[in-house]
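Visitor: Just need the structure, nothing else, for what follows:
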Amino acid sequence: MKAIQIIEPSKVKVVEIEKPCVGAGEVMVKLHYVGFCGSDLNTFLGRNPMVKLPVIPGHEVGAVIEAVGEGVPEGLKPGMTVTLNPYTNCGTCASCRNGRVNACQYNETLGVQRNGVMCEYAVVPWQKVIPAEGISPRDCALIEPMSVGFHAVSRGAVQDGEYVMVIGCGMVGMGAVVRAALRGAIVIAVDVDDDKLALAQKAGVTYAINSMAEDVHARMQKITSGYGADVVIEAVGSPVTYVMAVNEVGFTGRVVCIGYAKSDVSFQTKLFVQKELDIRGSRNAMPGDFRAVINYLKSGNCPIEPFVSRIITPEETAEALNDWAAAPGKVFRILAKF
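Guide: Numbers count the residues shown, from 1 in each chain. Reported below is the predicted structural model:
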């Protein structure tokens, strides 16, 4: 069967691999759409230290069940539209023992620590299959990245009426925007691209700030009457935005970090103490976050069409990734169609 493989930095090709066989307790899915995320782009550019090349990328899935093995619950049947939970959990580390399996110490995400599913068929344990009836396979490929943003809002314990600043309006940040707005928060989006900010406003943002054109601190002080944000969600992963998050959160506020900074970050640590901040990591997503995104997409309130920047064939992968690398701020999601 056909698969996309990143061979070395800036080199990708379509390869033929053996079609898997379904075993007991497993489900075979036919992949229809698989999304390229920022991690996949970094892998292509040789900037992802967690990946050992060559690798098949891909963990944002829109698929249909092809076959089920012995012992799979009757609720999972051929023909069902599904997405996948792409994370593993060992069940024995501190995170798993505390019920936070999304942060498993030994997690292996599809397409990162192990081969992904940028291919025609995949076989996974039935527990990793998430039914999404009523949602198209294309739209299912958007569920996982949005669920990461939904999880960050839960980590931030966002409440009705709070000022929530979301830095970065990619797919993950957009998920945070949506869930914060659904919880009744006053959402402030920060990005460098006006098109993304305009879409964020359609998704529930009250205030939009272009950090390239405005004084972010002055605008935040005006919006919040000088108090700062109750919660800041960092969804970029750069030293500048990490520092911005700590500077713009109010006293006794919460900072939630999703993005990985690629270099060291220098903080004024006195702000941690003076403001008595809660600084929280947010990793991956829980099954409940996936279900929440599915319910949101079913509501029909999601401006979903602009989220899909481009649909490509496997053979167009190199061109699409090079275009994305040249203009990263202009892309939400690129989907490979199988």
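Visitor: Quick check: Lys330 touching Asp195?
Guide: Yes: look at Lys330 against Asp195 with Cβ atoms under 8 Å: they come within range, at 7.3 Å. All C-beta atoms are positioned from the backbone trio N, CA, C, and that covers glycine.
Visitor: Where does Leu271 fall, secondary structure wise?
Guide: Here Leu271 is covered by helix 270-274, with elements defined by DSSP states H and E.
Visitor: helices or strands up against that helix?
Guide: Packing contacts for helix 270-274, counted by 3 or more Cβ pairs under 8 Å, 6 or more residues apart in numbering; DSSP states H and E, involve helix 239-248.
Visitor: Give me the buried positions along the helix it packs on.
Guide: With burial defined by 16 or more other Cβ atoms under 10 Å, the residues of helix 239-248 counted as buried are Thr241, Tyr242, Val243, Met244, Ala245, Val246, Asn247, Glu248.
Visitor: will you turn the residues you listed into JSON lines that also has pLDDT and distance to Met286?
Guide: As requested, these are exported to JSON lines (pLDDT from 0 to 100; distance: Cβ to Cβ, whole Å):
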{"residue": "Thr241", "pLDDT": "97", "distance to Met286": "25"}
{"residue": "Tyr242", "pLDDT": "98", "distance to Met286": "24"}
{"residue": "Val243", "pLDDT": "97", "distance to Met286": "29"}
{"residue": "Met244", "pLDDT": "98", "distance to Met286": "27"}
{"residue": "Ala245", "pLDDT": "98", "distance to Met286": "23"}
{"residue": "Val246", "pLDDT": "98", "distance to Met286": "26"}
{"residue": "Asn247", "pLDDT": "98", "distance to Met286": "30"}
{"residue": "Glu248", "pLDDT": "98", "distance to Met286": "27"}
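Visitor: got those as a markdown table, with distance to Ala67 columns?
Guide: Putting those into a markdown table (distance: Cβ to Cβ, whole Å) gives the following:
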| residue | distance to Ala67 |
| --- | --- |
| Thr241 | 44 |
| Tyr242 | 46 |
| Val243 | 51 |
| Met244 | 49 |
| Ala245 | 46 |
| Val246 | 50 |
| Asn247 | 53 |
| Glu248 | 51 |
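Visitor: Greatest separation within the residues you listed: which pair is it?
Guide: Distances among the buried residues of helix 239-248 were taken as Cβ to Cβ; the most separated pair is Tyr242 and Glu248, at 11.3 Å.
Visitor: before we move on, the earlier item: and for the helix holding Leu271, what's in contact with it?
Guide: Residues outside helix 270-274 that contact it (Cβ atoms under 8 Å, 6 or more residues apart in numbering) are Val246, Asn247, Phe251, Leu277, Ile279.
Visitor: Apart from its neighbours in sequence, what residue is nearest Lys11?
Guide: Of all residues beyond its chain neighbours, the one nearest Lys11 is Ala318 (7.7 Å), with distances taken as Cβ to Cβ, 6 or more residues apart in numbering.
Visitor: From Val255, how far out is Glu276?
Guide: Distance, Glu276 to Val255, using Cβ to Cβ, to the nearest Å: 12 Å.
Visitor: More neighbours: those two, which one.
Guide: Neighbour totals were compared for Glu276 and Val255, and Val255 leads with 23 against 10 (other Cβ atoms under 10 Å).
Visitor: would the more buried one count as being in a strand?
Guide: Yes: the assignment for Val255, made by DSSP: H, G, I helix; E, B strand; the rest coil, places it in a strand.
Visitor: Give me the distance between it and Cys169.
Guide: Remark: distance between Val255 and Cys169 (Cβ to Cβ) = 18 Å.
Visitor: likewise Asn48?
Guide: Using Cβ to Cβ, one obtains 22 Å as the distance from Asn48 to Cys169.
Visitor: quick one, which of these two is more surrounded?
Guide: Of the pair Asn48 and Cys169, Cys169 is the one with more neighbours under other Cβ under 10 Å, namely 29 against 23.
Visitor: Good, we can wrap up now.
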